[in-house]
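In: what's the 3D shape of this:
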Amino acid sequence: QVQLVESGGGLVQTGGSLRLSCRASGNIFVANAMGWDRQAPGKQRELVATATSDGTTTYADSVKGRFTISRDNAKDTVYLQMDNLKPEDTAVYYCNARILTPNNGYRNYWGQGTQVTVSS
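Out: Model (predicted):
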């Protein structure tokens, strides 16, 4: 059984920074792509950033130049450094990962979500 546990959300003022962390645990062979989605009230969930195990990263246009995704493959952990935060970044942020396990092959997993609130 795989679990993704997030931490690091909170309340910050416009222009501030936060760092989110997400660690995958369980019987994991390989964590392929790991990343973050977010969902703001009344809006659809959107992909924020993704990092593959070989270091390739992708970002939503809305966060390019402000957010940085990184991974520690040895710890099956992904981070999201968020700088110059804006009120429109307010959302619940969900960790996601594509993980290979002995019993289930490759499957997609999501964390419970962590709230990020940016005050103006």
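In: and the most centrally placed residue in the chain, which of the three is it?
Out: By Cα atoms, centre = their mean, the chain has its centre lying nearest to Trp36, at 2.7 Å. Trp36 carries the three-state label strand when classified by DSSP: H, G, I helix; E, B strand; the rest coil.
In: For it, give the beta-bridge partners.
Out: Note on Trp36: beta-bridge partners by DSSP bridges are Ala49, Cys95.
In: That one contacts Ser70, correct?
Out: No. The criterion here is Cβ atoms under 8 Å, and Trp36 misses it with Ser70 at 11.5 Å. In short, each C-beta sits where N, CA and C put it, glycine included.
In: Quickly list what's touching both of those two.
Out: Shared contacts of Trp36 and Ser70, defined by Cβ atoms under 8 Å, 6 or more residues apart in numbering, comprise Val78.
In: Contacts only, for the most far-flung residue of the chain relative to its centre.
Out: Computed with Cα atoms, centre = their mean, the residue of the chain farthest from its C-alpha average is Asn103, at 24.9 Å. Applying Cβ under 8 Å, 6+ apart to Asn103 gives the contacts Asn27.
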